[in-house]
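> have a look at this prediction, sequence included:
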There are 2 protein chains.
Amino acid sequence: METVKFLLPESQAPTTWYNVVPDLPGVLPAMLHPGTKEAVTAADLAPLFPEAVVEQELGAGREVEIPGAVLEVYRQWRPSPLVRARRLERELGTPARIYFKYEGVSPTGSHKANTAVPQAYYNRQAGVRRLVTETGAGQWGSSLAMACSYFGLECEVYMVRVSYDQKPYRRGLIETFGGSVHPSPSGRTAAGRAALAADPQASGSLGLAISEAVEVAAGSGGETKYALGSVLNHVLLHQTVIGLEALRQFELADDYPDVVIGAAGGGSNFGGLALPFLREQFAGGRRLRALAVEPTACPSLTEGRYEYDFGDSAGMTPLVKMHTLGRDFVPPRIHAGGLRYHGMSPVISHLKEQGVVTARAVGQRECFEAGVRFARCEGVVPAPESAHAVKAAIDEALECRETGEERVILFSLSGHGHFDMQAYLDHFAEEQE
Amino acid sequence: METVKFLLPESQAPTTWYNVVPDLPGVLPAMLHPGTKEAVTAADLAPLFPEAVVEQELGAGREVEIPGAVLEVYRQWRPSPLVRARRLERELGTPARIYFKYEGVSPTGSHKANTAVPQAYYNRQAGVRRLVTETGAGQWGSSLAMACSYFGLECEVYMVRVSYDQKPYRRGLIETFGGSVHPSPSGRTAAGRAALAADPQASGSLGLAISEAVEVAAGSGGETKYALGSVLNHVLLHQTVIGLEALRQFELADDYPDVVIGAAGGGSNFGGLALPFLREQFAGGRRLRALAVEPTACPSLTEGRYEYDFGDSAGMTPLVKMHTLGRDFVPPRIHAGGLRYHGMSPVISHLKEQGVVTARAVGQRECFEAGVRFARCEGVVPAPESAHAVKAAIDEALECRETGEERVILFSLSGHGHFDMQAYLDHFAEEQE
C-alpha cells in the first residue's frame, strides 16, 4: 500500500532550531532604535523580552538547542505529519505530487504553538509572571494562553476588534486556558484610546494591537513582558522546527520539493517551512522555489515598499527594514485575520529583495473555493489563512496538468478552520447571491 | 527524555478489526423483527444497509479485514497518538499513570470518522448513490459527509434540533463537505411531522432523528441507504481500530491499563477502545475494569431497564435488547449532544449484565470543570462528550492520591471541543452566576 502520511519517529525529531541569519546572502539590515537610529542593543529590547529571547533575536548561531522542557511539550503532537494529498491529485488530474505539512494537529489547531511554548518557557525561566500580546484571528493568542497555562504564567491578549467579533470561539479558547482577552482598540491604553477617539467603530489592526500590548509591557515595571507571534527573527527560528521535520520526512518519502509554499502574514509560517530547505540551497544543495502567498487585501510583499517602518501602528517598536504598506494601513475586514498585518518579517523581506523568495497575492473568494475543494478531497478544512497556500498549490498542480510536468509541490497547512466555520458559511451565502 | 506520545509506525497499524461477538460470555440476544418477533435476517436489513455491512452486523468472524481503500484513508491520521498526560498527573499530585488515546486528530476532530469511512466505502461498492443519517452534536454527521465526499456519494443529515441551534459550525462543516442538513424534527417525514404536531418547539432526540433518516431510506426504493453512527455491532467493529492500536502502543510504553474509560452515548467510542482489551481478558490475559461514563441527564446504562426496545422513537427499527430509558425519552438539552440517546449498544448492554463492564453517570457541570482542568494541563479542549471520560479519569487519579496506588488509567479522548466553545462559554457564564 502506498504511504500517504510520512511520520518521523520521535528519535529523529529535531532537537535544534535553525537560525538562517548567518547564512543569508547579503547583510540583513539591523533593527534601529527609533530615537537614535542606531542598531538596537540587547538593553533596548530588555524591557520587552527575556534575555534568552533577546539573544536569539540579535545574534544566535546557526543551531540553537531546543530546551528539554520545550521538547517535552512539542512531543505531544510533533513531529507533525507530512501528508501526500493523493485524493486531491486525482481530483485535479495532475501529474504533480502534492504534499502538505499539517500543523493543525497541535492542541490549538495551528503552527503558533511552536513558538508560544518556547516563549512562555524562556519567560518563566527569567522569573516573569505575566505575558501580554496581540492576536488577529486568535491562533496566536490561544496558543500563547495555552503555553502560559503550562508554565504557570498569566496571559493577557489584545485581539483585533474585527476578529474579536467574527471569532468568539477562539476568544473562548483563550479564556478556557485562563487567559484574558480585550478587543483592540481598547480603552485600556493610550494607543487604543487615540484610535477610538479617531474612529469609535474602528475594526482594528494587528499593528494597533501590537501597540497596545507593547505599551502595557513597557509600562509594567518589568513584571509583564511582551510576546510576538510572528515577524521577528526568534519567532522564525522557533518555527523552523516545521521545515526541519519536513526535510527528514522527504527523505523517508524519497522525494524532494520543487516548490515550497506558505501563507504569509508576518512571515513565520512561511519561513518556518521554507528556511530549512533554503539552507540546503545556500549550502549548494538542490534549488527550489519558495513562494509566499498573501491576500490581495493586504499585499505587503507584492505591493509594499521595502523600507524602515515601525512594527506597530503607534510607533512604539524599533524600526524594522521590511516590505510595508505603512504602519497606518488598516486592511479590509477579511476573514484571514492572521494575514492582516501591514509589514513582513525582515528575513523574508530581505530574501525577497535577494530574489530567493517569490510572492503572489490571491483574493479571498478564490481561497475559500480552494479550501472547499481541498476539504472535499482531504477532509481537513483549512483555516482561511492556510487556504491561501492551498490556492497557490492547486494552481501549481493545474499548471502541471497543462504541461505534464511532475512537479513536487509542498505547502504548509498551517492550521485547521474549525474555529472559522462562520467564514465558510459566509462564503457559501455569498456564492448563492 | 521521557516519552509522552506513543506512536505506532504505519507498518504496525492494524489491518483487521476485531469482532467481539464470538468471544462474548453468554449469548448475545438477537435483534428481532418488530412484526414477527423472530430474529432479523439479512433480507430484513437489506433495505437499510449494503450486503457487506449486513454481514458484519449479523455474523462476522473474529477478525474482519479492513479494505485497502479504507486503510488508505485511515492512514492520513491513524494510528492516532496514545499520550501520557504527565502535566495532568503532576497537577493532580497522583501516583497514577494517566494515558489518553486521542481521536481528535481525525480531519473532523472525532472518532466518528473511523466508521464513516468504511460505511461510505461499502455503500459505494454496492452501487448506492446516497446516504441518509441522523446526528446529535454533529460529529457523526460531519464525518459521514466527509466520507461521502471521498467516495462520491450524496449525504443527507437529520440533525437533532437542539444541536442544530447550538452548534451551527458543525452544520457548516457538513455543508463544506457537500452534505445537506435538516433540523429534526423536520416537516420532511411522517415521523418528524408527528413530533412537530405534538410539540412545535420540540428540541428533538437522536431516537427521533433516526426515525426520520430510516423513513427516508426505507421509502427511497433502494437508491438511498441508511447509515448509523453508533449502537450496532458493525459500528463497534469498525471502532475497534482504536483499541487495537492502543494495545500495541501499550507494548511500546511497556505498560498496561488497570482501567479503561470511555464516554458512552450509543457505546461505540467506549467499545472501540475497551473491546480489544477485553479480548485479552477473555483469552485469559490480564483483567481490567472497563468503565462506561454517561451523563446523569441520560443514564441508560446506570438507570435504564435491560429489555427489548426500538432503536428509534417512532418504532421503525428492529427491536434491540439493550439498556433503555424508553424510546419516548427526550433528554434535557445538555451540551453533550452525542450522548443524548435513550438506549445503549446491545454488546455493551450485554457486557454490563455479565458484570464485565461497569458504568457511572456524571453531571454536566463537573464534566466541564474537568474539561477545563484538562485543557490547562494538556492543551486539548475536550468535546463535551469526551469530558465525561476526563472527569472519570481525574476521579480515579485522585483516588490514587489518597491510597498511593500506582493505577494505570487509560481513557478515550474521543474528540476535541473546537466546535463546542459556546458550551464552554456558557459554562463560564454559569460559574460566574
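Yep, it's here.

> neighbours of the residue in the stretch 51-200 of chain A positioned nearest to chain B, how many?
Closest contact between the stretch 51-200 of chain A and chain B, by Cβ to the nearest Cβ, is at residue A:107 (2.9 Å). In short, each C-beta sits where N, CA and C put it, glycine included. Counted with other Cβ atoms under 10 Å in any protein chain shown, residues neighbouring residue A:107 total 23.

> wait, isn't it in contact with residue B:377?
No - contact criterion Cβ atoms under 8 Å: residue A:107 and residue B:377 do not qualify, at 10.6 Å.

> and the closest residue in space to residue A:298 that isn't next to it in sequence, backbone torsions?
Spatial nearest neighbour of residue A:298, excluding adjacent residues (Cβ to Cβ, 6 or more residues apart in numbering or on different chains): residue A:331 at 4.1 Å. When quoted as degrees, to the nearest 10, the phi and psi of residue A:331 stand at phi -70, psi 160.

> list the contacts for residue A:331?
A:205, A:295, A:297, A:298, A:340, A:341, A:342 (Cβ atoms under 8 Å, 6 or more residues apart in numbering or on different chains).

> coming back round to it: what's the residue of the stretch 51-200 of chain A closest to chain B in contact with, if anything?
Residue A:107 makes contacts with A:76, A:77, A:113, A:146, B:375, B:378, B:379, B:380, B:381, B:416, as judged by Cβ under 8 Å, 6+ apart.

> one more pass at 10 Å, please.
A:73, A:76-77, A:113, A:142-143, A:146, A:173, A:177, B:102, B:104, B:375, B:378-381, B:416, B:418 (Cβ atoms under 10 Å, 6 or more residues apart in numbering or on different chains).

> of the residues you listed, which belong to strands?
Using DSSP state E, the subset of the contacts of residue A:107 located in strands is residue B:102.

> can you say which of the contacts of residue A:107 are buried?
A:73, A:76-77, A:113, A:142-143, A:146, A:173, A:177, B:102, B:104, B:375, B:378-381, B:416, B:418 (16 or more other Cβ atoms under 10 Å in any protein chain shown).

> give me the subset of the residues you listed that lies in helices.
If you go by DSSP state H, these have A:73, A:113, A:142, A:143, A:146, A:173, B:375, B:378 in helices.

> test my guess that the fourth one contacts residue A:118.
No - with contacts counted by Cβ atoms under 10 Å, residue A:143 stays clear of residue A:118, the gap being 11.4 Å.

> surely residue A:404 touches residue A:95?
Yes - assessed by Cβ under 10 Å, residue A:404 is found in contact with residue A:95 at 5.9 Å.

> the more surrounded of the two?
Remark: of residue A:404 and residue A:95, residue A:95 carries more neighbours, 14 against 9, as counted by other Cβ under 10 Å.

> what residues of stretch A:357-373 count as buried?
Within stretch A:357-373, the residues that count as buried by 16+ other Cβ under 10 Å are A:357, A:359-362, A:364, A:367-373.

> that one and chain B in contact?
Yes - with Cβ under 10 Å from any Cβ of the partner chain as the criterion, chain B is reached by stretch A:357-373 at A:368, A:371, A:372.

> closest to chain B among those residues?
Closest to chain B, out of all of those and judged by Cβ to the nearest Cβ, is residue A:372, at 5.9 Å.

> let's verify the closest one: helix, strand, or coil?
Classification of residue A:372 by DSSP: H, G, I helix; E, B strand; the rest coil places it in helix.

> residue contacts, the residue lying closest to it once chain neighbours are set aside?
Using Cβ to Cβ, 6+ apart and skipping the chain neighbours, the partner closest in space to residue A:372 is residue B:176 (5.9 Å). With contacts defined as Cβ under 10 Å, 6+ apart, the neighbours of residue B:176 are A:368, A:371-372, A:375-376, A:381, A:417, A:421, A:424-425, A:427-428, B:142, B:145-146, B:149, B:169.
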